[in-house]
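**Q** Compute the structure for the input listed below.
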Amino acid sequence: METELTSTKSLKLTDNSLIFMAEIVKWAKFLAICSFVGLGMMVLAGAAMIILQFERQANGLSTVIMGLFYILMAVIYFFPAVYLYRFATASADAIEKLNEDTLEEGLENLKSLFRFTGILMIIMFSLYAVGIIAVIAAYVIKM
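**A** Residues are numbered from 1 along each chain as shown. Now for the predicted structure:
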């Protein structure tokens, strides 16, 4: 899926491109910060569920499992948030200083964000497919 680009031409950003990139960077940084806040809330919610379950000394483990699930989801979502934040900060620096190397670093993080998210989507769709097949199989066996 990787495309190898070989060219003697140089790609230059126009003034409008830099304006668009500056706005993209602002929104990327905003979304990254919101993601970190959301991650913190998920970890706190998960920890609270686990702690409250043990304080009540209840027999069921469903609250503990749900708390661990929240924490696991926060760990998984941490990586896209970091990639987005790194893209935003490196790209902002590149625009400010007109530095091609820093822009390349930012774009590399954006690529990592899309790759991570794409792999995660493939995993999720695979799990959905397995779940659907399991439900259909259970229904057929029950008949």
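
**Q** so the most centrally placed residue in the chain is in which element?
**A** Most central in the chain under Cα atoms, centre = their mean is Pro80, positioned 2.8 Å from the mean C-alpha point. Per DSSP states H and E, Pro80 falls inside helix 62-97.

**Q** can you check Lys12 too?
**A** Going by DSSP H and E, Lys12 is not in any helix or strand.

**Q** same question, Leu18
**A** Using DSSP H and E, Leu18 sits within helix 15-56.

**Q** surely the residue nearest to the centre of the chain meets Phe116?
**A** Yes - applying Cβ atoms under 8 Å, one finds Pro80 in contact with Phe116, separated by 5.7 Å. All C-beta spots, glycine's among them, are computed from the backbone N, C-alpha and C.

**Q** In this structure, where is pLDDT below threshold?
**A** Residue ranges of the chain with pLDDT under 70: 1-8, 58-60.

**Q** ok, so what distance separates the residue sitting furthest away from the middle of it from Leu11?
**A** Farthest-out residue of the chain from its mean C-alpha position, per Cα atoms, centre = their mean: Met143, at 41.5 Å. Distance, Met143 to Leu11, using Cβ to Cβ, to the nearest Å: 61 Å.

**Q** re earlier: which helices and strands does the helix holding Pro80 pack with?
**A** Counting contacts by 3 or more Cβ pairs under 8 Å, 6 or more residues apart in numbering; DSSP states H and E, helix 62-97 packs against helix 15-56, helix 100-142.

**Q** Adding mean neighbour count and distance to Met66, write these out as JSON lines.
**A** Formatted as JSON lines, the helices and strands packed on helix 62-97 follow (neighbours: other Cβ atoms under 10 Å; distance: least, Cβ to Cβ, whole Å):
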{"stretch": "helix 15-56", "mean neighbour count": "14", "distance to Met66": "6"}
{"stretch": "helix 100-142", "mean neighbour count": "12", "distance to Met66": "18"}
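
**Q** quick one, which of those helices is nearest to Ala92?
**A** helix 15-56 (4.6 Å; Cβ to Cβ).

**Q** what packs against that closest one?
**A** For helix 15-56, the packing partners by 3+ Cβ pairs under 8 Å, 6+ apart come out as helix 62-97.
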